[in-house]
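**Student:** sequence and computational prediction follow.
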Amino acid sequence: MKNQQLNRRTFLGAAAMMAGSSLFGSAAAQTEATDRGTQSATPSSSRAEFTTIHQVKAGVLDIGYVDEGPRDGRVVILLHGWPYDIHSFVDVVPILTAANFRVIVPHLRGYGTTRFLSKDSVRNGQQSAFALDVLALMDVLFIKKAIVAGFDWGARTACILAALWPDRFEALVSVSGYLIGNQKAGRAPLVPTAELQWWYQFYFATDRGREGYQQYRREFAKQIWTLASPQWHYNDVVFDRSATAFDNPDHVDIVIHNYRWRLDLAQGETRYDSYEQKLASGPVITVPTITMEGDANGAPHPDSNNYAKKFSGKYEHRLIRGGVGHNLPQEAPEAFAKAITGVVKL
């Protein structure tokens, strides 16, 4: 789930990189901001769903995406995670468009209406592939620069974009902080209590796990939602609205490859090797950044002190209280939107 994420290598990598060093970069001022009472008060969204999904060919994909707000507005790209979909942002978007932002929310590869253009394309779930998908979408939409924000897989992708292409991204909002990983760290064992949190990652490493996820995608997603957000009382309407995104014909292949690639049990594509080499070094992010965490996140995630020094520009960390779990944008849409409007003012 990632990022859920935090990639298991992020735990190990962050601990190794932070040991014996200062937790704060000289240019990064960390504050522990707390937003109370901003989480969604009801288990369902204030609007039923996104009514218009656009499609555009970009890179190796035909990408399905939401595009709302003024055409000349400041662009924000919102990236979802696993096992979630674009509706994690259904209540965030109207807040941002009301503030004159243009908001783009793509279905990641393997979700919703996004499809591969070629049946021969590798159903690749490695981390840099998602980032290149976003850049391809920006290019075809003639977007030169944007704010990028996300959670879970989306937060990892957002961090990668901000780290490798700071000229294309003016600011970053990342739930659970710095989530860039690498295969070398993923091969290293963790203590048993930490390994236990990644049970599904080991399940997916087996043929039984792949077949099980293929057969029980909805049951699996509901289990993860409950574990990751134990105090989020979503209803069946909300869950079913997102679960349709998992019917994508490439969904299982992408998810299984993603987790196997992390453990170095599956190969990536050589076209992404140069990007992965850069990411393996744990690049510092220089653009203005707000990281966020819910006070009831049941998914594996790092302590904010352990990644603060990975942000060398203007920086702030916000703890969102009130029983907010892993799916922070959907559980606390006002707080998430406030971080986006605030990050450009840091």
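**Tutor:** In hand now; what should we look at? Note that the structure is a prediction, hence the values are computed from the model and not measured.

**Student:** let me know the average pLDDT across stretch 118-136.
**Tutor:** The average pLDDT within stretch 118-136 is 98.

**Student:** show me how far that stretch is from its chain's centre.
**Tutor:** Distance of stretch 118-136 from the chain centroid (C-alpha atoms, centre = their mean, to the nearest Å) equals 15 Å.

**Student:** measure that stretch end to end?
**Tutor:** 16 Å (C-alpha to C-alpha, to the nearest Å).

**Student:** can you give me phi and psi for Ile290?
**Tutor:** phi -120, psi 120 (degrees, to the nearest 10).

**Student:** was I right to think it contacts Leu319?
**Tutor:** No. Ile290 is not in contact with Leu319 according to C-beta atoms under 8 Å; the separation is 11.6 Å. From N, CA and C alone the C-beta is placed, and that goes for glycine too.

**Student:** okay, the two: which has more neighbours?
**Tutor:** Neighbour count, other C-beta atoms under 10 Å: between Ile290 and Leu319, Ile290 has more, with 26 against 16.

**Student:** what are the bridge partners for the more buried one, then?
**Tutor:** Counting by DSSP bridges, Ile290 forms beta bridges with Val173, Glu316.

**Student:** and the one 4 residues further on, by the same measure?
**Tutor:** Judged by DSSP bridges, the bridge partners of Gly294 are Ile320.

**Student:** just checking, it touches Glu331?
**Tutor:** Yes. The pair Gly294 and Glu331 passes the contact test of C-beta under 8 Å, sitting 6.7 Å apart.

**Student:** between those two, which contacts overlap?
**Tutor:** Taking C-beta atoms under 8 Å, 6 or more residues apart in numbering as the criterion, Gly294 and Glu331 both touch Ser229, Val324, Gly325.

**Student:** three-state assignment of the nearest residue to the first one once chain neighbours are set aside?
**Tutor:** Yep, that's Ser229 we're talking about. Nearest non-adjacent residue to Ser229, counting by C-beta to C-beta, 6 or more residues apart in numbering: Gly325, 2.7 Å away. What DSSP: H, G, I helix; E, B strand; the rest coil gives for Gly325 is coil.

**Student:** list the contacts for Gly325?
**Tutor:** By C-beta under 8 Å, 6+ apart, Gly325 lies in contact with Ala228, Ser229, Pro230, Gln231, Trp232, Gly294, Ala296, Asn297, Gly298, Ala299, Glu331.

**Student:** which regions of the stretch 1-150 of the chain sit below the pLDDT cut-off?
**Tutor:** In the predicted model of the stretch 1-150 of the chain, residues 1-47 satisfy pLDDT under 70.

**Student:** assign the residue minimising distance to the centre of the chain to helix, strand or coil.
**Tutor:** Taking C-alpha atoms, centre = their mean, the centroid of the chain lies closest to Gly154, which sits 1.8 Å from it. Recorded secondary structure, Gly154: helix (three-state DSSP).

**Student:** ok, the closest residue to it other than its chain neighbours - contacts?
**Tutor:** Among residues not flanking Gly154 along the chain, Leu79 sits closest, at 3.0 Å (C-beta to C-beta, 6+ apart). Contact partners of Leu79, counting by C-beta under 8 Å, 6+ apart, are 105-106, 108, 130, 134, 148-151, 153-155, 157-158.

**Student:** now the residue nearest to Ser229: phi and psi?
**Tutor:** Here Gly325 shows phi and psi, under degrees, to the nearest 10, equal to phi -100, psi -150.

**Student:** wait, isn't Ala332 in contact with Ala296?
**Tutor:** No. Contact criterion C-beta under 8 Å: Ala332 and Ala296 do not qualify, at 10.6 Å.

**Student:** more neighbours, the two?
**Tutor:** Ala332 (29 against 19).

**Student:** the strands in this protein, which residues?
**Tutor:** Secondary structure of the chain, counting by DSSP state E: strands at 32-35, 54-58, 61-68, 74-79, 101-106, 115-116, 146-150, 169-175, 289-294, 315-320.

**Student:** can you add distance to Val344 and give those back as a markdown table?
**Tutor:** Shown next, in a markdown table, are those (distance: least, C-beta to C-beta, whole Å):
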| stretch | distance to Val344 |
| --- | --- |
| strand 32-35 | 16 |
| strand 54-58 | 25 |
| strand 61-68 | 19 |
| strand 74-79 | 7 |
| strand 101-106 | 10 |
| strand 115-116 | 33 |
| strand 146-150 | 7 |
| strand 169-175 | 5 |
| strand 289-294 | 10 |
| strand 315-320 | 12 |
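
**Student:** can you check which of those gets nearest to His251?
**Tutor:** strand 115-116 (11.1 Å; C-beta to C-beta).

**Student:** tell me the gap between that closest one and the middle of its chain.
**Tutor:** Counting by C-alpha atoms, centre = their mean, strand 115-116 is centred 20 Å from the centre of its parent chain.

**Student:** partners of that strand in the sheet?
**Tutor:** strand 61-68 (antiparallel).

**Student:** what comes up buried for the strand it pairs with?
**Tutor:** Neighbour counts over strand 61-68 (16 or more other C-beta atoms under 10 Å) mark Leu61, Ile63, Gly64, Tyr65, Val66, Asp67, Glu68 as buried.
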